[in-house]
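Peer 1: Sequence and computational prediction follow.
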Amino acid sequence: MPKAGDVIITRVRFADNEGSKIRPALVLFEELGNIVIAGISTNLRMKGVLITKGEGAAQDSVIKLNYIFTITSDTIIKTVFHLSKEKKDIVLEELMEKLESLNS
């Protein structure tokens, strides 16, 4: 089972049942077989947390914390690398900022 902070390659199924694509994603947490992930894009103009080749990414990319969804373990193709503690802290801080709107 993947762990929080794992960067994975997964098959993403679309809601309209028009197929799936293979995409990188960050595991946020797993509970009862449901794996909550954030999408990753190589489009550096997108908002998100930067991860670099030096950290283990295939190329510089952005963790898109506005693109969160749930998958099951059977869609995971492989684990690529694990984020550093420092990078996980940045992801948590940015995610908490986004969720702060629930307080208003």
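Peer 2: Arrived safely.
Peer 1: and Ser101, that one's in a helix?
Peer 2: Yes: assessed with DSSP: H, G, I helix; E, B strand; the rest coil, Ser101 lies in a helix.
Peer 1: Low-confidence regions, the protein specifically.
Peer 2: Scanning the chain with the threshold set as pLDDT under 70 gives 15-17.
Peer 1: what ranges do the helices span in it?
Peer 2: Using DSSP state H, the helices of the chain run over residues 85-99.
Peer 1: What segments of it are strands?
Peer 2: Ranges of strands within the chain are 6-13, 20-31, 34-41, 49-51, 61-72, 76-82, based on DSSP state E.
Peer 1: pretty sure Pro2 contacts Ile8?
Peer 2: Yes: the criterion here is Cβ atoms under 8 Å, and Pro2 meets it with Ile8 at 5.9 Å. (Each C-beta comes from the backbone N, C-alpha and C, glycine too.)
Peer 1: Just give me the residues shared between the contact sets of these two.
Peer 2: The contact sets of Pro2 and Ile8 overlap at 27, 76, 79 (Cβ atoms under 8 Å, 6 or more residues apart in numbering).
Peer 1: so Met1 sits right up against Ser73, yeah?
Peer 2: Yes: when contacts are counted by Cβ under 8 Å, Met1 is listed as touching Ser73 (6.3 Å).
Peer 1: Tell me how many other residues surround Lys51.
Peer 2: Just so we're on the same page, residue 51 is Ile rather than Lys. 24 (other Cβ atoms under 10 Å).
Peer 1: contacting residues for the closest residue to it other than its chain neighbours?
Peer 2: Excluding the flanking residues, the one nearest Ile51 by Cβ to Cβ, 6 or more residues apart in numbering is Ala57, at 4.7 Å. By Cβ under 8 Å, 6+ apart, the residues touching Ala57 are 7, 24, 40, 51, 80-81.
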